[in-house]
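In: Here is the input, now give the coordinates:
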Amino acid sequence: MTLPFAPHSCRIPAAFLLRFFLLLALACHGAAAHALPSVELKVKGTVRPSACTPSLSSDGVLDYGVIAIASLNPMHPTVLPIRDITLTVDCREPASIALAVVDNRAMSRVFGLFDDSVASIGSTFGLGMAAGYKLGGYRISFDASATADGQPVSSIMSSNKGLSWRSNVGYLRHTGHYFGFSQDGATLSTQKVLNAPLRIQAVLNSGPDFPRGEELQLDGSATIELKYL
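Out: This is a model prediction of the structure:
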């Protein structure tokens, strides 16, 4: 048996519809009135310095080979022969660059190894440790034959990150100084190829307490950083 189904009709008064659409229009108008009357324009880009690549001769390794324990001074530090290594910086286009040096073996520096002045520790780099004993240190200096694009240049140094420069560099420091090269002794040179021979003077911290019953490995390490100016 089927029961008849008759849905009720539903009518919405016209006055209600008019009020609804009026309120909706006012709400939209208010939202538009509160929209920000501005739009942001962004201009972006990257300014990149000339790409320069540093390299060291002999793959950056200065090897003193086997040092006989009998050749060491039993009472005082032993000075090893000066060795040379060349730093080359190749740039894709002319660039003004400075160098900064970081001592990666700072904990093994020996105070007074070269002299007793407080300033000397700033130019002394560590040679590593063995059983808690500091094996020695070394100093780095520029040879006078540096060239920039084949032209002779002299070394200069800055203690304020390149704001001003002075000559008479002496030894390279790991104290935040910048080092560079100049044709007039006062301003940083601009070049594509820089060749800078380095001189390394190493000294072993030999003496009565120097470990003598085992093979020791000298482990000096420094990082030369490029600074674009």
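
In: Around residue 46, count how many other residues there are.
Out: Neighbours of residue 46 under the rule other C-beta atoms under 10 Å: 4. (Glycine included, C-beta is placed from N, CA and C.)

In: tell me the SS of it?
Out: Classification of residue 46 using DSSP: H, G, I helix; E, B strand; the rest coil returns coil.

In: Give me the phi and psi for it.
Out: phi -130, psi 120 (degrees, to the nearest 10).

In: List phi and psi for the closest residue in space to residue 113 that isn't next to it in sequence.
Out: Excluding the flanking residues, the one nearest residue 113 by C-beta to C-beta, 6 or more residues apart in numbering is residue 137, at 4.9 Å. With angles defined as degrees, to the nearest 10, residue 137 sits at phi -160, psi 180.

In: repeat for residue 129
Out: phi -130, psi 160.

In: partner residues bridging it?
Out: Beta-bridge partners of residue 129, counted by DSSP bridges, are residue 134.

In: show me what contacts it?
Out: By C-beta atoms under 8 Å, 6 or more residues apart in numbering, the contact set of residue 129 is 107, 108, 135, 219.

In: Can you verify my assumption that residue 100 contacts residue 173?
Out: No. Using C-beta atoms under 8 Å, residue 100 is not in contact with residue 173; the gap is 9.3 Å.

In: Mind checking which of those two has more residues around it?
Out: residue 173 (23 against 19).

In: Please name the residues that touch that one.
Out: So, once contact is read as C-beta under 8 Å, 6+ apart, residue 173 ends up touching 101, 122, 123.

In: Among the residues you listed, which one is most surrounded by other residues?
Out: With neighbours taken as other C-beta under 10 Å, the top of those is residue 123, carrying 21 neighbours.

In: Could you tell me how many residues sit around the closest residue to that one other than its chain neighbours?
Out: Distance criterion C-beta to C-beta, 6+ apart; nearest residue to residue 123, sequence neighbours excluded, is residue 171 at 3.7 Å. Counted with other C-beta under 10 Å, residues neighbouring residue 171 total 18.

In: pLDDT score assigned to residue 171?
Out: At residue 171, the pLDDT value in this model is 93.
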